[in-house]
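# What follows is a predicted structure for the sequence shown.
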Amino acid sequence: MRELTGIRKFIGRLAGTSETELLRSPRRSQAAATCMLIALFAGLGVGAAPTTSAGSEPHSEALISFTAKSSLNANSTTSATGTGTTPTATTTTWLCMPGVQPDPCATDLSTTVVNPDGSQQVLHPNVPTNPPIDCFYVYPTVSSQSTVNANLTIESAETDVAEAQAAPFSQDCRVFAPMYPQLTLTALTNPSLIVNNPNSINIAYQGVLSAWQDYMANYNDGRGVVLIGHSQGAAMLTQIIQSQIDPSAAMRKLLVSALLFGGNVTVPTGGTVGGSFQNVPACQSAAQISCVIAYSSFLNPNIPPSGALFGYPGTGVSLLSGQSSTAGLQVLCVNPTFPASGAGSLLPIFPTAQGSIVSVNLSTPTGITTNYVEYPQLYTGECESQNGATWLNVTDIASSTDTRPTVTQALGASWGLHLVDMNISMENLVTDVASESSSYQTKYAPPPVVTTITPNQGPTTGGTNITITGTGFTGATSVAFGSQHANFSVLSDTSIEAKSPTSATAQTVDVTVTGPNGTSPTTSADKFTYATTQVAGVPTISSIFPAVGPASGGGIAFIFGTNFTQVTRVVFGVSPALYLSITPDLIVAIAPKNPKGQLPVEITNSAGTSGQGNHNSYTYF
């Protein structure tokens, strides 16, 4: 009854109501309690789809007409429109970047998988809050502005294509995507505009280069990075690799991989390195790093016709990156499925919203409400070479009873499947990057670093719940207190929970974390002190009211005891609870979700963790 009277007095004070009034008015008591809980936990708690518009690359032979008059000048900084300035490290407009709102690369990735028999299932891919690598994405030609070079205004064409091509990689990396003064659809369908503005290609490149330099100077922080580009975006990134990465061993070390589609990256005929890049080779497996995955896709039985924009070196899209050489070269094709031989199974993912270039001539089955749709067992892919062309040969393997929509060469034979180069194998590519990221972390990630131990003292009997803060905890294999190994759980790359092991003597030890790339160095910040007796100030629990609640969680528990100061954690079983320390002898907590049964309740402060006893349990029903 002492505890219940204390609760009534506390709620009454909070609601401006006496204990007598509360007893007379249960309804008012309930309202007061609700107000209290809102006040206690309000600070502890945790749009509309973008407008779309149609856009596609031009159905023309315009790129074939590019001439030396459009050659690159790497030192020029002429403006995109002739009146402005090329973006610099202080003027980058970011289409996608962590923290930017809205961010089309951070959209909901829920995907409906439509199987050959028509059955469906919905997947909700995990998107980590702090992935270990970055992605730098440059989008293809989508701007329908009337100028030769686009301005940096973010329009639906850019957001749509970013959602279609870049957002799925947020499962692997932080996605950065700059706006850049790309050659517009207007320019590519009117080659004379480019001829009369010979610096226009360089203007586009300078915009991407400026954004890349901004990213490296202000956001990279030594992280591995994947370059992702399609069509004009691939051409821009080809030049970035040639000028910024390929010549530098230090920069190549940061390159996880480059995914360059529809850009005519070249290699010596039958070779894997040379041509476009002298030191960055073609990827030979999904686990290889500092390499390139590239291809242009055509739908079987079609082959790239003579004069096609893609698949032949030194022509078509090649001229956007200044690659006019043909002798002894072939366009690179790396099969994203990495089969041991022959064809591999492609796993396409398409956006369900109509409007992006990816959606041309591709309908979405009715009833699908997710942002993406995946069609397994519908296509295979195999690299082919014939008549000087090299391409990814995509074969439709649907049966006669398969009613799922299939892709077409919507822009004609010279374009092949260019519009869906990336999405025809999107799930494969996302998986490839995950594998590359793992390889990169194993090879280059620094060892863990411990910056804080909370609490930093406890009894020699062990059992103190510890929060370890630092960096590089992903993949941790061991936590040690001195020479004693501890039970632990990795919460994130920056946080670990551990329970102190026993110690034979009173002593101060270093708490170290071991991961794939070594053990954290010992510092003054990782010290933990053992005491022979229970450290003064360790919390004790005398009673819990009520001591029962639903397994679904949400029950309110008033915990009475001593030393409830500097509390860092309240745990029901192994589940952390939301709580508020009201006085040194009262804590109000919300019971977390747990299995049915009786579980111990523990409170941790800077001095240690409460022991277990008859009064320290909570029963879930």
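Looks like it arrived, so ask away. Numbers count the residues shown, from 1 in each chain.
# Now for the nearest residue to N130 once chain neighbours are set aside: which residues touch it?
Distances taken as Cβ to Cβ, 6 or more residues apart in numbering place D493 nearest to N130, at 5.4 Å, with adjacent residues excluded. No exception for glycine: its C-beta is placed from N, CA and C like everyone else's. Counting by Cβ atoms under 8 Å, 6 or more residues apart in numbering, D493 makes contact with N130, P132, T471, G472, F473, T474.
# do that again at 10 Å, thanks
128-132, 445, 448, 470-476 (Cβ atoms under 10 Å, 6 or more residues apart in numbering).
# do E384 as well
Going by Cβ under 10 Å, 6+ apart, E384 touches F298, N300, I303, P304, G311, C333, A343, T390, W391, L392, N393.
# Next one: it from L392, what distance?
Distance from E384 to L392, counting by Cβ to Cβ, to the nearest Å: 8 Å.
# next one: I293
11 Å.
# which residues do the two both contact?
Joint contacts of I293 and L392 (Cβ under 10 Å, 6+ apart) are F261, C333, V334, N335, P336, S425.
# Export those residues as TSV, with columns for distance to F488.
Formatted as TSV, the shared contacts of I293 and L392 follow (distance: Cβ to Cβ, whole Å):
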residue	distance to F488
F261	42
C333	46
V334	40
N335	41
P336	37
S425	39
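# Output those residues as a markdown table; include the columns pLDDT and secondary structure.
Compiled in a markdown table, the shared contacts of I293 and L392 are given as follows (pLDDT from 0 to 100; DSSP: H, G, I helix; E, B strand; the rest coil):
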| residue | pLDDT | secondary structure |
| --- | --- | --- |
| F261 | 98 | strand |
| C333 | 97 | coil |
| V334 | 97 | coil |
| N335 | 97 | coil |
| P336 | 97 | coil |
| S425 | 97 | helix |
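# So which of those residues is the closest to N371?
Using Cβ to Cβ, S425 comes nearest to N371 of those, at 18.5 Å.
# Would you agree the closest one is in contact with Y375?
No - counting by Cβ atoms under 10 Å, S425 stays clear of Y375, with 11.6 Å between them.
# Among those two, which residue is more densely surrounded?
Each of S425 and Y375 has its neighbours counted (other Cβ atoms under 10 Å); S425 has more, 29 against 25.
# I'd like to know how far the more buried one sits from S581.
Remark: distance between S425 and S581 (Cβ to Cβ) = 54 Å.
# Quick one: neighbours of G307, just the number.
12.
# how long is stretch 274-289 from one end to the other?
17 Å (Cα to Cα, to the nearest Å).
# in it, what's buried?
For stretch 274-289, a neighbour-count test (16 or more other Cβ atoms under 10 Å) marks G275, S276, F277, V280, P281, A282, C283, A286, Q288, I289 as buried.
# Now Q242: phi and psi?
When read as degrees, to the nearest 10, the backbone of Q242 gives phi -60, psi -40.
# What of the one 10 residues further on?
In terms of degrees, to the nearest 10, the main-chain angles of R252 are phi -60, psi -30.
# Pull up the distance across stretch 241-252, start to finish.
9 Å.
# residues making contact with it?
Residues contacting stretch 241-252 (Cβ under 10 Å, 6+ apart): 72, 74, 205, 209, 212-213, 216, 225, 227, 229, 237-238, 240, 253-255, 258, 260, 265, 276-280, 289-292, 321-323.
# Among those residues, name the ones in helices.
Using DSSP state H, the subset of those located in helices is Y205, L209, W212, Q213, M216, L237, T238, I240, K253, L254.
# Buried by neighbour count, from those residues: which ones?
Among these, those scoring as buried are Y205, L209, W212, Q213, M216, L237, T238, I240, L254 (criterion: 16+ other Cβ under 10 Å).
# mind putting the residues you listed in a markdown table, distance to Q409 and pLDDT included?
A markdown table is the format used below for those (distance: Cβ to Cβ, whole Å; pLDDT from 0 to 100):
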| residue | distance to Q409 | pLDDT |
| --- | --- | --- |
| Y205 | 29 | 97 |
| L209 | 33 | 97 |
| W212 | 33 | 98 |
| Q213 | 38 | 97 |
| M216 | 38 | 96 |
| L237 | 25 | 98 |
| T238 | 24 | 97 |
| I240 | 29 | 98 |
| L254 | 37 | 96 |
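# For V138, state which of these is nearest.
L237 (5.5 Å).
# can you tell me how far that closest one sits from I228?
When L237 is compared with I228 (using Cβ to Cβ), they lie 8 Å apart.
# Please enumerate the shared neighbours of those two.
With Cβ under 10 Å, 6+ apart, L237 and I228 have common neighbours F136, Y137, V138, A258, L259, L260.
# which among these gets closest to E497?
F136 (34.2 Å).
# Let me know the next secondary structure element after the strand or helix carrying the closest one.
Counting by DSSP states H and E, the element that carries F136 is strand 133-138. Counting by DSSP H and E, the next helix or strand C-terminal to strand 133-138 is helix 156-165.
# Put together TSV for the contacts of D493, with pLDDT on each row.
TSV is the format used below for the contacts of D493 (pLDDT from 0 to 100):
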residue	pLDDT
P128	91
T129	86
N130	84
P131	91
P132	89
A445	77
P448	93
G470	94
T471	89
G472	86
F473	90
T474	82
G475	80
A476	90
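# Neighbour-wise, give me the winner out of those.
P448 (27 neighbours).
# Quick check: the gap between that residue and S438.
Between P448 and S438 the distance is 17 Å, computed by Cβ to Cβ.
# repeat for G322
With the distance defined as Cβ to Cβ, G322 ends up 35 Å from S438.
# Neighbour count for these two, which is higher?
The neighbour comparison of G322 against S438 (other Cβ under 10 Å) goes to G322, with 21 against 18.
# okay, that one: pLDDT?
On pLDDT, G322 comes in at 88.
# got a markdown table for the buried ones among the ones in helices among the contacts of stretch 241-252, with distance to Q165 too?
A markdown table is the format used below for those (distance: Cβ to Cβ, whole Å):
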| residue | distance to Q165 |
| --- | --- |
| Y205 | 20 |
| L209 | 21 |
| W212 | 18 |
| Q213 | 23 |
| M216 | 22 |
| L237 | 13 |
| T238 | 17 |
| I240 | 18 |
| L254 | 22 |
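# so T406 sits in a helix?
No - looking at T406 with DSSP: H, G, I helix; E, B strand; the rest coil, it is coil, so not inside a helix.
# Counting neighbours, what do you get for the closest residue to it other than its chain neighbours?
Excluding the flanking residues, the one nearest T406 by Cβ to Cβ, 6+ apart is D396, at 5.5 Å. The number of residues packed near D396 is 13, by other Cβ under 10 Å.
# And for the one 5 residues further on?
Neighbour count for T401, taken as other Cβ under 10 Å: 8.
# do the one 5 residues further on as well
The local packing of T406 (other Cβ under 10 Å) involves 14 other residues.
# where's it relative to T442, distance?
The gap separating T406 from T442 is 39 Å, by Cβ to Cβ.
# Okay, now the unreliable bits of the stretch 501-621 of the chain?
Across the stretch 501-621 of the chain, the ranges flagged by pLDDT under 70 are 533-536, 612-614.
# Strands of that one, start to end?
508-515, 518-519, 527-531, 540-545, 548-549, 556-562, 567-572, 575-576, 578-583, 586-590, 597-605, 608-609, 617-620 (DSSP state E, counting those that start in this stretch).
# what lines up beside the fourth one in the sheet?
The sheet places strand 540-545 alongside strand 556-562 (antiparallel), with pairing taken from DSSP bridges.
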